[in-house]
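> how would this look folded up:
(2 chains)
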Amino acid sequence: MTSNTKIELVCPAGSLPALKTAIDHGADCVYLGFKDATNARNFTGLNFDAKAMTEGVRYAHDRKRKVLVALNTYPQAGNWSGWTAAVDRAADLGIDAIIVADPGLMAYAQKKHPQLRLHLSVQGSATTYEAINFYAERFGIQRAVLPRVLSLPQVQHVIANTKVEIEVFGFGGLCVMVEGRCALSAYATGESPNCNGACSPGKHVRWEQTPQGMETRLNGILIDRFDDGERAGYPTLCKGRFDVNGETYYAIEEPTSLNTLELLPDLARAGVRAIKIEGRQRSPAYVAQVTRVWREAIDRVMRDADSFAVQPAWIAELDKVSEGRSHTLGAYYRPWK
Amino acid sequence: MKIALGPLLYYWSRQQTLEFYAQVAESPADIVYLGETVCSRRHELRAEDWLDVAAMLKAAGKEAVLSSQSLIESESDLKALRRVIAQDEFRVEANDMSAVNLLTKAGRRDWIAGPTLNIFNPQTLSMMAEAGATRWMAPPEMSGAVLAELLASGAPAIETEVLAWGRLPLAHSARCFTARHYNLQKDTCEFKCLGMKDGLVLRTREGEPFLTLNGVQTQSARVHNLLGDLPTLRDTAQVLRVSPQGDDTVRVLELFRDAITGTLSPQDAFAQSKALMVEAPCNGFWHGRPGVEQYVSA
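So this is what the prediction gives:
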């Protein structure tokens, strides 16, 4: 039993106010990105320039919290120097770790900044201990973030077979596909999480009221259509309604959020070292609400995992900010697959 | 320029599969990738059967390669992977970093870095080459221009392969979307994908074919077709990959051969290929555009 291992709460910060909010509400770590394609939430109006990051790092470090910088997209020959410059900038700012997916970039960071802690991003698609141990042996990664594809026993099995710290997703938007292996957005819009840090980007979205209802399109492709009484959701490609064999339904996944609160004691017993909250694109209000609930839940589990019970008030709070106002255990729960 | 046949991504019956590879033995393919890469539950052919197919193709003069599973979740998946790597008669295509790790540890210096390894820059490609890769396949979303730039920027001298025909492999999931269509769970899926020779088409609510559900894999509905782009492919790729489809795969391989040898112009090969496609063509990725587009240069 490793239930006494401390679990870090890793919260999203899409802006300086969100960073401060996360810290004030009990995040152990915040993760953030620069204002460019070097990270997987490359959205307009989001992320940090050097000045904001400097202030954010100071705010966090003054309060003994950590700052992780996501550099988790895949650089190419023509833009390589933009990514290495971002690694250098992050290291110079005194951040606590970078979250990286590309092996070439890991090699660069390891050579140039040997003291810099490396976390393997979920975009690295490492779902086994054999994959994770490869990154550890080659590049000295100290933590890996698991893709949202493994069931709870599979997570436990990975942890039992690696020395690398394991971080898992606890709450937020749910990627149905293996992260780092999804080109759906690239297929529809030309912009991908891997290369552009964007999925179903806003500039390709069109909302259109038609006689058939409100239609949402991505680069012209109809993702969903809503009746008057329905709440029209953002056209994330994998969460639309499509027709298969004459049946129209959420063929890939419903608009829903991941929520693993009820698995927290099991994750603690398995030796999970950190829980990540998704949502750098969300508001400081979201960050406050989610961080507060998860802080309380993790503190309770750390005190006594056996008597832990999910409070109905927590679920009510979290459902308010969930996509589609509903939640799922995702792949942690085998029948979801 | 060599022609490769990619791994069979759909789940066909044992007999269909064996008949298919008997035809492939007579086809112009130089390289044939074999094995189940999509779903570990599929078992019409066992590991030994794939080795038999590989031996048959080798005897027919083909280079047979065993492809590893793309998404590895369990210890039994790893066990299957270790078995593929333990044999040394055939080269292995690594489709996951677990495979790269095990191949490196086994001291193999002859493997192929597959399309799901996310090799986007010369630095990562060099790492793969140092670890023993002697061929690599570019991620299908990579454009011809980005590939050319990668190769011109100090890339190691190993063979480059490009997907030139077939529905695009766009994503893998832990969830089976074919089982979901039948309101079944993956663990009790009743093998609904068996015999769907080209997968299950997903259409928009306007009836436009958009994606293809193939178990835990999602593909494009359109057929990525680079026959017309052969002139730019020649500058970058030594191997062109054709992904198997329900019908006419051998005809497609023949068109590629005729286009490569110059018996047919790229334009004529493309025109003839229209009758062999299950949906409309697309080539947007190669031109740095949305993959769904069919881009024709002026």
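
> which single residue of the stretch 1-150 of chain B approaches chain A most closely?
Of all residues in the stretch 1-150 of chain B, the one sitting closest to chain A is B:Gln123 (2.9 Å; Cβ to the nearest Cβ). Glycine gets a C-beta too; all of them are placed from N, C-alpha and C.

> identify the residue spatially nearest to that residue, adjacent ones excluded.
Excluding the flanking residues, the one nearest B:Gln123 by Cβ to Cβ, 6 or more residues apart in numbering or on different chains is A:Gly104, at 2.9 Å.

> and the one you found, what is it in contact with?
Contacts of A:Gly104 were listed using Cβ atoms under 8 Å, 6 or more residues apart in numbering or on different chains, and they are A:75, B:121-127.

> gap between it and A:Leu71?
Distance of A:Gly104 to A:Leu71, computed by Cβ to Cβ, to the nearest Å: 12 Å.

> ditto for A:Arg41
In terms of Cβ to Cβ, A:Arg41 sits 12 Å off from A:Leu71.

> with neighbour numbers in mind, choose between those two.
Using other Cβ atoms under 10 Å in any protein chain shown, the more surrounded residue of A:Arg41 and A:Leu71 is A:Leu71, with 25 against 22.

> B:Val32 against B:Met56, yeah?
No. Counting by Cβ atoms under 8 Å, B:Val32 sits too far from B:Met56 to count as a contact (10.0 Å).

> returning to that earlier point: and the residue nearest to B:Gln123, helix, strand or coil?
Three-state call for A:Gly104 (DSSP: H, G, I helix; E, B strand; the rest coil): helix.

> could I get the pLDDT score of it?
Per-residue pLDDT puts A:Gly104 at 97.

> quickly find the element holding the closest residue to A:Val293 other than its chain neighbours.
Excluding its sequence neighbours, the residue lying closest to A:Val293 (Cβ to Cβ, 6+ apart) is A:Trp314, at 4.7 Å. Secondary structure from DSSP states H and E places A:Trp314 in helix A:312-320.

> report the buried residues of that helix.
Neighbour counts using 16 or more other Cβ atoms under 10 Å in any protein chain shown place A:314-315, A:318 of helix A:312-320 among the buried residues.

> ditto for stretch B:276-295
B:276-278, B:281-287, B:289-294.

> again with stretch B:31-40
By 16+ other Cβ under 10 Å, the buried positions in stretch B:31-40 come out as B:31-40.

> residues from the stretch 151-298 of chain B in reach of chain A?
B:152-153, B:168, B:170-177, B:180-181, B:185-187, B:200-208, B:210-211, B:213, B:218, B:220, B:284-285, B:288-292 (Cβ under 8 Å from any Cβ of the partner chain).

> re earlier: and the contacts of A:Gly104, which is closest to B:Ala64?
Within those, proximity to B:Ala64 (Cβ to Cβ) peaks at B:Leu125, which comes in at 24.2 Å.

> OK, contacts around the closest one?
By Cβ under 8 Å, 6+ apart, the contact list for B:Leu125 reads A:104, B:113, B:119, B:136, B:150, B:155-156, B:158.

> residue boundaries of the helices in chain B?
Remark: helices assigned in chain B by DSSP state H are B:14-25, B:47-59, B:75-86, B:97-105, B:122-130, B:144-151, B:177-181, B:230-236, B:249-261, B:266-273.

> make a markdown table from these and add mean pLDDT to it.
Formatted as a markdown table, the helices of chain B follow (pLDDT from 0 to 100):
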| stretch | mean pLDDT |
| --- | --- |
| helix B:14-25 | 98 |
| helix B:47-59 | 98 |
| helix B:75-86 | 97 |
| helix B:97-105 | 98 |
| helix B:122-130 | 98 |
| helix B:144-151 | 97 |
| helix B:177-181 | 97 |
| helix B:230-236 | 94 |
| helix B:249-261 | 98 |
| helix B:266-273 | 96 |
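
> just to revisit the earlier point, need the contact list for the residue nearest to A:Val293.
Applying Cβ under 8 Å, 6+ apart to A:Trp314 gives the contacts A:261, A:293, A:296-297.

> what's the farthest-apart pair in the residues you listed?
Taking Cβ to Cβ as the measure, those reach their widest spread between A:Leu261 and A:Glu296, a distance of 10.3 Å.

> what kind of secondary structure is A:Ile275 in?
State at A:Ile275, reduced to three classes by three-state DSSP: strand.

> tell me how far the spatially closest residue to it that is not a sequence neighbour lies from chain B.
If you skip the residues right next to it in sequence, A:Ile275 has A:Gly170 as its closest partner in space, 3.9 Å away by Cβ to Cβ, 6+ apart. Distance of A:Gly170 to chain B, given as Cβ to the nearest Cβ, to the nearest Å: 17 Å.

> wait, A:Gly170 sits on A:Lys276?
Yes. With contact defined as Cβ under 8 Å, A:Gly170 reaches A:Lys276; the gap is 6.3 Å.
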